[in-house]
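1. sharing a model prediction with you, sequence too.
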Amino acid sequence: MPTKPIHLTITATLGLGAASLTLAGSIDFSPAPFAQTDADKRQILTSPSAMVDGRQAPLEYRAILRSGDRVGSGTFGLLHDIQGNPLLAADGSPVISNSNDFSSILTGKDGKLYMVSHFESRPGAIYLTELAQDRQTGALSAIQTRALDLAAQRGGWVLCAGSVTPWGTHLGAEEYEPDARQWRDQSISPYNAAMATYFGAAPAQAGDLMNPYDYGYPIEIDVSDFDHARVQKHYAMGRIALELGYVLPDRKTLYLSDDGTNVGLFRFVAQTPGDLSAGSLWAARWSQRSAAGAGTALLDWVYLGYASNDQVSQWKDSYRFADIFDEADPVKEKGKNTGRCPEGFSSINVGHQDGQHQCLKLRDIDGDGAVWQSDWNIASRLETRRWAAMRGATTEFRKMEGISYNPDANLLYLAMSEIDRGMLDFARVGKGREGEKRPYDQYDIGGPNHMTIARGNLCGAVYALSLDGNYTATHIFPLISGTPMTTNHGAEADSPDFDGLNHCDIDGIANPDNISYLPGYHRLIIGEDSVSGHQNDMVWAYNTQSGALTRIQTTPYGAEATSAYWYPNIKGFAYLMSVVQHPYGEPDASGIHPAQRLKNPAQAAGYTGYLVFPALDH
């Protein structure tokens with residue numbers, strides 16, 4: 001059943017460091033209906049209205065553009081090669097991505113409104129769209145759009161979530177960085193080889209044309225006007241399966257989430273506030289205090305070194321995996337991996353596609369006759385996750401997603417799509433080690449096993465991280481978790497309410513992805529990226545004071561709810577951005593792939609849109 005709306009009485013709350021008093025507002029969302037019929041499951045359903053500071057605001061999802069829409073001389077989502085030519089499919093038709101992901105709203109230096117949009121493809125694309133705003137209703141519309149030229153960056157890679165910096169630039173992310181060891185072994189996966197099309201070549205030529213160290217970084221875009229936008233990859237922040245980077249109010253501390261299996265949490269501190277081109281990198285170490293629920297821990301931070309964009313740009317073109325590491329086979333006894341490595345090698349467990357025990361030793365990379373700080377710095381930027389693990393950081397997280405900041409309580413929020421694999425203790429959800437013919441040691445063997453959460457949760461959780469006065473996270477604990485309706489996806493139901501289509505409670509979150517906090521209103525917006533957790537992904541408003549949860553949007557079959565991002569006041573209106581990525585694109589638990597439900601190919605086009613509110617600038 002739909003959850004009830006919440007009314008928050010206006011109260012005074014202390015901000016960061018109790019330095020200032022913030023007057024909190026109130027916002028109550030009427031619940032969006034749950035999609036029950038086939039017709040509903042093909043639509044975008046939203047809350048009919050919200051009460052904002054005592055005033056009723058009607059709500060309606062409004063699409064600015066859909067993938068394939070032509071505006072001016074540009075086609076939104078059309079992919080290009082390094083020469084700027086449109087990519088063509090085997091039948092000669094243009095390749096248009098329906099994987100719209102993060103879209104930001106920016107004010108250009110010319111005072112006009114612009115939208116910067118990612119497409120989560122290989123190759124990726126970034127589109128700049130000039131927007132018009134109706135001054136009476138706040139409605140946004142596209143005037144013209146164009147693809148930004150990424151040739152100087154050797155293209156964009158799986159451009160995922162993002163954020164807007166305090167100085168008004170777009171900060172994007174390249175997810176699922178290619179494993180450079182595949183280039184050493186000439187074992188490049190089809191997923192990675194798909195990037196060869198950017199260079200006008202077949203995937204079989206990826207090994208010769210691609211440098212894996214070109215990808216996996218934050219990308220900052222500074223818009224002057226429609227014809228001038230600076231694109232800069234920030235190599236200084238390291239290279240991971242980057243979901244997004246999020247800059248805190250000091251304008252120099254930035255958190256980086258690593259999306260995948262057996263991954264880490266990273267913190268970058270810029271040398272100069274407002275300039276992300278150089279700084280120091282740190283990786284979190286999980287010191288567990290409770291194994292209950294989604295787990296609670298203290299966080300320590302492992303220093304990984306200092307670097308600048310210019311330095312790393314040179315390193316990435318100069319060194320390869322074999323220049324950075326020597327590698328050995330794990331020590332075996334009676335044919336079984338002991339989790340140990342030969343003397344002199346570090347035993348780690350990190351993932352690209354999955355967890356994997358590795359035995360590595362850092363080489364004298366720069367050839368100065370010793371393995372020392374300069375070599376550490378190179379490894380920290382080109383092989384960030386591996387080097388973090390070798391230095392003792394935790395690389396056991398599973399599916400780390402969105403980040404947002406709550407200035408009302410000085411908390412950082414971090415979405416974790418699943419609690420599973422390396423986060424558990426030699427186990428998988430519903431597949432314990434005892435009694436199994438094959439122990440589930442793939443994710444913990446060889447690593448420190450810092451995380452030993454007692455019971456996994458395939459519906460995921462959102463964590464809160466306490467920050468000190470320097471915005472360093474010191475403590476992590478679960479804020480809200482999804483509720484599984486089954487012991488494991490595909491197993492018998494624990495609950496009589498299980499309907500066979502939704503493995504997570506329909507009145508709770510499933511696989512949280514992008515999140516965004518509403519300052520002064522104590523609401524956290526949570527968007528889902530769920531396959532069998534929810535048949536139709538949803539967007540929620542969570543009251544961080546009362547714990548109440550309200551469904552505010554649902555998406556069509558096979559879609560992902562991305563780009564949840566809050567803008568409290570843009571020329572008199574507030575906006576909640578919401579992108580519906582790849583409708584009919586992902587399977588669910590029904591046994592019928594959504595693509596089989598598709599009646600018209602045009603229905604598969606992604607939506608880039610928003611909800612509009614009166615300005616909320618408490």
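-> That came through, no problem.
2. hey, let's count contacts and neighbours off CA atoms from now on
-> Noted.
3. how about the strands in the stretch 401-550 of the chain?
-> 411-416, 461-467, 473-481, 512-518, 523-528, 538-543, 549-554 (DSSP state E, counting those that start in this stretch).
4. residue 446: what's it in contact with?
-> Residue 446 is in contact with 338, 339, 340, 347, 348, 349, 357, 358, counting by Cα atoms under 8 Å, 6 or more residues apart in numbering.
5. same thing with residue 415?
-> Residue 415 neighbours (Cα under 8 Å, 6+ apart): 400, 401, 402, 403, 460, 461, 462, 463, 512, 513, 514, 515.
6. number of residues surrounding the closest residue to it other than its chain neighbours?
-> With Cα to Cα, 6 or more residues apart in numbering as the criterion, residue 415 has its nearest non-adjacent residue at 4.3 Å, and that residue is residue 462. Residue 462 is flanked by 27 other residues according to other Cα atoms under 10 Å.
7. do the same with residue 89
-> 10.
8. again with residue 554
-> Around residue 554 there are 29 residues (other Cα under 10 Å).
9. how close does it get to residue 200?
-> 39 Å (Cα to Cα, to the nearest Å).
10. which SSE is residue 387 in?
-> If you go by DSSP states H and E, residue 387 is part of helix 384-390.
11. how is residue 278 assigned, secondary-structure-wise?
-> Per DSSP: H, G, I helix; E, B strand; the rest coil, the secondary structure class of residue 278 is strand.
12. and it, what does it touch?
-> 236, 237, 270, 271, 272, 306, 307, 308, 309.
13. picking up where we left off before, so which of the strands of the stretch 401-550 of the chain gets nearest residue 144?
-> For those, the distance to residue 144 is smallest for strand 512-518, at 27.0 Å, taking Cα to Cα.
14. show me what the closest one is packed against.
-> strand 400-406, strand 411-416, strand 523-528, strand 560-570 (3 or more Cα pairs under 8 Å, 6 or more residues apart in numbering; DSSP states H and E).
15. between strand 523-528 and that strand, find me the angle.
-> Interaxial angle, strand 512-518 versus strand 523-528 (axes from the mean of the first three to the mean of the last three Cα atoms, to 10 degrees): 160 degrees.
16. residues in contact with strand 512-518: which ones?
-> Taking Cα under 8 Å, 6+ apart as the rule, strand 512-518 contacts 161, 401-406, 415-417, 459-462, 523-530, 561-566, 568.
17. what about stretch 74-86, start to end distance?
-> 11 Å.
18. nope, stretch 363-383 is what I meant
-> Rule used - Cα to Cα; the end-to-end distance of stretch 363-383 is 13 Å.
19. so what's the gap between it and the chain middle?
-> Stretch 363-383 sits 29 Å away from the centroid of its parent chain (Cα atoms, centre = their mean, to the nearest Å).
20. helices along the stretch 201-350 of the chain, start to end?
-> 206-209, 309-318, 321-324 (DSSP state H, counting those that start in this stretch).
21. can you list contacts of the first one?
-> Right, the one you point to is helix 206-209. 183, 186, 188, 193, 194, 195, 196, 199.
22. isn't residue 234 right next to residue 219, touching?
-> Yes - the criterion here is Cα atoms under 8 Å, and residue 234 meets it with residue 219 at 6.1 Å.
23. in stretch 395-412, what counts as buried?
-> In terms of neighbour count (16 or more other Cα atoms under 10 Å), stretch 395-412 has its buried residues at 395-412.
24. quick one: the strands in the stretch 251-400 of the chain?
-> 253-258, 261-263, 265-272, 275-290, 296-308, 325-328, 332-333, 336-337, 346-351, 355-362, 397-398, 400-406.
25. so for residue 376, which of the ones you listed sits nearest?
-> Closest among the strands of the stretch 251-400 of the chain, using Cα to Cα: strand 296-308, at 7.1 Å.
26. distance of the spatially closest residue to residue 502 that is not a sequence neighbour from residue 528?
-> Take residue 502 and drop its neighbours on the chain: the residue closest to it by Cα to Cα, 6+ apart is residue 534, 4.6 Å away. Look at residue 534 and residue 528: by Cα to Cα, they are 9 Å apart.
27. what is in contact with the two at once?
-> When contacts are counted by Cα under 8 Å, 6+ apart, residue 534 and residue 528 have residue 510 as shared neighbours.
28. who's more crowded, the two?
-> More crowded of residue 534 and residue 528, by other Cα under 10 Å: residue 528, with 30 against 25.
29. what's the closest of the strands of the stretch 401-550 of the chain to residue 617?
-> Comparing these by Cα to Cα, strand 512-518 comes nearest, at 9.3 Å.
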